[in-house]
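Trainee: have a look at this fold, sequence not included:
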């Protein structure tokens, strides 16, 4: 699979939004990973870190789970709102 990077080197556009929402809720990356795991998303703290820094892609089902966890829309996570 070809991974397309933005001009700034990021592999995703949602990592910035995920980090902002996590910090607004005073959650650590480890706490977010735990919430995601309880929701059925098998993800570790390291993966959260890589998503937030743009080093890792975010799949569609991960976006859906993050939108449920943060009680927001996928379009907001994509920076379209």
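Mentor: Now that the structure is in, tell me what you want to look at. Just so you know, these numbers come straight off a predicted model, no measurement behind them. Numbering: from 1, shown residues only.

Trainee: can you give me the pLDDT of residue 1?
Mentor: Residue 1 is assigned a predicted lDDT (pLDDT) of 63.

Trainee: which stretches of this protein have low pLDDT?
Mentor: 1-2 (pLDDT under 70).

Trainee: and the helices in it, which stretches?
Mentor: 15-24, 29-38, 45-53, 60-69, 74-77 (DSSP state H).

Trainee: could you dump those into JSON lines with distance to residue 9 added?
Mentor: No exception for glycine: its C-beta is placed from N, CA and C like everyone else's. Shown next, in JSON lines, are those (distance: least, CB to CB, whole Å):
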{"stretch": "helix 15-24", "distance to residue 9": "12"}
{"stretch": "helix 29-38", "distance to residue 9": "20"}
{"stretch": "helix 45-53", "distance to residue 9": "10"}
{"stretch": "helix 60-69", "distance to residue 9": "20"}
{"stretch": "helix 74-77", "distance to residue 9": "20"}
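
Trainee: please produce a markdown table containing those helices, extended by distance to residue 3 and mean neighbour count.
Mentor: Formatted as a markdown table, these follow (distance: least, CB to CB, whole Å; neighbours: other CB atoms under 10 Å):
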| stretch | distance to residue 3 | mean neighbour count |
| --- | --- | --- |
| helix 15-24 | 14 | 17 |
| helix 29-38 | 22 | 16 |
| helix 45-53 | 12 | 18 |
| helix 60-69 | 15 | 17 |
| helix 74-77 | 19 | 16 |
